[in-house]
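[1] structure for the following, please:
(2 chains)
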Amino acid sequence: MFRATVLHSNTIEVKKMNRTRNEINNKLKELGQRLGMSEMETLKSKKTLKTVISACLVIGVIALAGLFMVSRLDPAGLYYMPPSIKDFNLFGRLF
Amino acid sequence: MFFLTNIMMINMLRKKHVPISVIFELTLGCNMRCIHCGSAAGNVRSKELTTKEWIDLSKKLNEIGTQLVAFSGGEPLIRNDWFEIGQNVRDLGMDLSIISNGYVIDEKMVSQFRKLDPYSVAISLDGAVASTHDSVRQVNGSFEKCLKVLKLLKENDLPTTVVTTIHKKNVGELPKLRDMLLDKGIAWQIQIAIPVGRFPKNLTLTKEEFYSASMFISQSKNKYSKKRLPVMGAHSIGYNPKFIRNPMLVPRWKGCQAGISALGIQSDGGVIGCLSLPDDFVEDNIRSRDIKEIWNDSEMFSFNRKFTLDDLDGDCKECKFGKSCKGGCTTVSATLTGEMHCDPYCLYLIEKEMTIK
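    Sure thing, here's the model as predicted:
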């Protein structure tokens, strides 16, 4: 009886999650269409495992290097004024 | 032991505020009358700084740790002494960026750029077709001139950047602009126009349009390599999105840097945390007090330096990112809400609103 209740509530949770995910996808699709993005292109704007992992790697490298270099890694230069093409290389601002 | 001492010294240095990047508004005079101009540039300010004053200021900034100086305006290149001031910045060992509308740039000027070896030369491009760009800039022929200048800069191997300020009139042209900039080796910064200066409120993007534009940047970043399309959203486009890729260049937003590691100097000597901020935020003037003294005064830039969680307003008050984000861009927040720490154009907040609906 207990197991059945848990299973039932789990199913409800999963359904709820799926519904939310669908709603979000539909909304993103609608917003993307404004700039002529197709469904596939809209999906391309989303976070992926690859982008999350690469962001973690970049943070890790920057945190390590930050122990030795103080100011060059501060984001201010990147945020406060237009970037240089050099900023798009990982170590562009270091050397 | 030596290693530990070094770490301690570095930590001490980290805590100190250093004006790493400083924008010089060389003049408020401008040869264009762009509809989105936050400074409402056009006429020069009364009593703008002289060449000597800019040079002295550069020396002092260098002494307190400035590493990057950007020339802005108005249009900085209409000043006759821009090269002399720039040369001095470079001689002091600081990097130099030049932000221009490109209208006065010719081959002679490009050869001067080459001598300065700038960190970047940023040119504004606000539309993918002449009618849009020219109407935003209010100068006929400015689009054609802009494209010629971009070509000239690239031919001369200068680190070139395009800055696009988006609003209702041109946001739809982002895909076309992307096609124009693809594989050109030009960095592309996209920023939003906010209703300050000359920009009319009715042209400001809605939150949904803002989100669409952010999605476009994220999608472009995922679709193309940095080499093919080095694109980023400016500091007013971002803050911890959950659904889409971070449109900014750096991985994590650390809050507004005005008065922390960034600084703006108005053409009459006014000292302000960021040149985008309204004039109410002018802290002092380099003619009445030494810049080093102003910067090191603990009472200056208190909106950022003395920030506490209690300063957060609106929806940011309960936000889990409040401590690090500090409520987003101070300029956007102050302009749109009248409060300093609750930027409503926040991807995290918009996503939250989307899922609640």
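[2] in chain A, which helix is the longest?
    Counting residues, the longest helix found in chain A (DSSP state H) is helix A:2-33.
[3] can you point out the buried residues in that helix?
    Using 16 or more other Cβ atoms under 10 Å in any protein chain shown as the test for burial, helix A:2-33 gives A:24, A:27-28, A:31-32. Using the backbone N, CA and C atoms, a C-beta is placed for each residue, glycine as well.
[4] turn the residues you listed into a markdown table, including distance to chain B and pLDDT.
    Putting these into a markdown table (distance: Cβ to the nearest Cβ, whole Å; pLDDT from 0 to 100) gives the following:
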| residue | distance to chain B | pLDDT |
| --- | --- | --- |
| A:Ile24 | 6 | 86 |
| A:Lys27 | 5 | 87 |
| A:Leu28 | 7 | 88 |
| A:Leu31 | 4 | 89 |
| A:Gly32 | 6 | 89 |
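[5] export the residues you listed as CSV, with columns for distance to A:Ile85.
    Output for the buried residues of helix A:2-33, formatted as CSV (distance: Cβ to Cβ, whole Å):
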residue, distance to A:Ile85
A:Ile24, 34
A:Lys27, 34
A:Leu28, 30
A:Leu31, 30
A:Gly32, 28
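[6] if B:Val22 is in a bridge, with which residues?
    B:Val22 has these beta-bridge partners by DSSP bridges: B:Val69, B:Leu263.
[7] isn't it up against B:Ile64?
    No: distance between B:Val22 and B:Ile64: 9.9 Å, which falls outside the contact criterion (Cβ atoms under 8 Å).
[8] quick one, which of the two is more surrounded?
    B:Val22 (29 against 16; other Cβ atoms under 10 Å in any protein chain shown).
[9] pLDDT score assigned to that one?
    Among the per-residue scores, B:Val22 shows a pLDDT of 96.
[10] show me what contacts it?
    By Cβ atoms under 8 Å, 6 or more residues apart in numbering or on different chains, the contact set of B:Val22 is B:61, B:66, B:68-70, B:262-265.
[11] any weak-confidence spans in the chain?
    Because you didn't say which chain, this covers chain A. By pLDDT under 70, the weakly predicted segments of chain A are A:1-10, A:65-79, A:90-95.
[12] actually chain B
    Checking chain B against pLDDT under 70 turns up B:1-15, B:356-357.
[13] and the longest helix along chain B with helix A:2-33, angle?
    Identified as the longest helix of chain B according to DSSP H is helix B:207-223. Calculated by axes from the mean of the first three to the mean of the last three Cα atoms, to 10 degrees, helix B:207-223 forms an angle of 90 degrees with helix A:2-33.
[14] distance between helix B:207-223 and the chain's centre?
    19 Å (Cα atoms, centre = their mean, to the nearest Å).
[15] quick revisit: switch the contacts of B:Val22 over to a markdown table; also include neighbour count.
    Below are the contacts of B:Val22 laid out as a markdown table (neighbours: other Cβ atoms under 10 Å in any protein chain shown):
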| residue | neighbour count |
| --- | --- |
| B:Leu61 | 24 |
| B:Thr66 | 25 |
| B:Leu68 | 26 |
| B:Val69 | 29 |
| B:Ala70 | 26 |
| B:Ala262 | 29 |
| B:Leu263 | 31 |
| B:Gly264 | 26 |
| B:Ile265 | 27 |
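[16] nearest to B:Phe199, of the residues you listed?
    Nearest to B:Phe199 out of these is B:Gly264 (Cβ to Cβ; 18.4 Å).
[17] can you tell me which residues contact the closest one?
    B:22-23, B:25, B:258, B:271-277.
[18] try 7 Å this time
    Shown in contact with B:Gly264 (Cβ atoms under 7 Å, 6 or more residues apart in numbering or on different chains): B:23, B:25, B:272-275.
[19] quick revisit: what packs against the longest helix of chain A?
    helix A:39-44, helix B:207-223, helix B:347-356 (3 or more Cβ pairs under 7 Å, 6 or more residues apart in numbering or on different chains; DSSP states H and E).
[20] count the neighbours of B:Arg114 for me.
    13.
[21] secondary structure element holding it?
    Secondary structure assignment for B:Arg114, by DSSP states H and E: helix B:107-116.
[22] B:Gly127 is nearest to which of the helices and strands packed on helix A:2-33?
    Nearest of the helices and strands packed on helix A:2-33 (Cβ to Cβ): helix B:207-223, 14.5 Å.
[23] my read is B:Val121 is in a strand, agree?
    Yes: assessed with DSSP: H, G, I helix; E, B strand; the rest coil, B:Val121 lies in a strand.
[24] thought B:Ala130 was touching B:Glu173, still the case?
    No: B:Glu173 lies out of contact with B:Ala130 (Cβ atoms under 7 Å); the separation is 11.5 Å.
[25] when those two are compared, which one has more neighbours?
    B:Glu173 (19 against 15).
[26] just say helix, strand or coil for that one.
    From three-state DSSP, the assignment for B:Glu173 is helix.
[27] quick one, helices of the stretch 251-357 of chain B?
    For the stretch 251-357 of chain B, the helices defined by DSSP state H, counting those that start in this stretch cover B:291-296, B:302-305, B:322-325, B:330-337, B:347-356.
[28] for chain A, tell me which of the contacts of B:Gly264 show up nearby.
    B:23, B:274 (Cβ under 7 Å from any Cβ of the partner chain).
[29] need the contact list for B:Leu174.
    Per Cβ under 7 Å, 6+ apart, neighbours of B:Leu174: A:35, B:213, B:216.
[30] same check, this time on B:Thr331
    By Cβ under 7 Å, 6+ apart, the contact list for B:Thr331 reads B:194, B:274, B:276-277.
[31] and which of these is nearest chain A?
    B:Cys274 (6.9 Å; Cβ to the nearest Cβ).
[32] that closest one reaches B:Ala258, doesn't it?
    Yes: judged on Cβ under 7 Å, B:Cys274 makes contact with B:Ala258 at a distance of 3.9 Å.
[33] neighbour count for the two, which is higher?
    The neighbour count for B:Cys274 versus B:Ala258, taken as other Cβ under 10 Å, is higher for B:Ala258 (26 against 22).
[34] any figure for the gap between that one and B:Ile190?
    20 Å (Cβ to Cβ, to the nearest Å).
[35] pull the number of nearby residues for B:His167.
    22.
[36] alongside chain A, which residues does the stretch 151-300 of chain B contribute?
    So the stretch 151-300 of chain B meets chain A at B:159, B:161, B:163, B:172, B:174-175, B:185, B:187, B:189, B:208-209, B:211-212, B:215-216, B:218-219, B:222-223, B:226, B:230, B:232, B:235, B:243-246, B:249-252, B:254, B:257, B:261-262, B:274 (Cβ under 7 Å from any Cβ).
[37] make a PyMOL selection of the buried ones in those.
    In PyMOL, this line selects whichever of those come out buried by 16+ other Cβ under 10 Å:
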select buried, chain B and resi 159+161+163+172+174+187+189+209+211+212+215+216+218+219+222+226+230+232+235+243+244+245+246+249+250+251+252+257+261+262+274
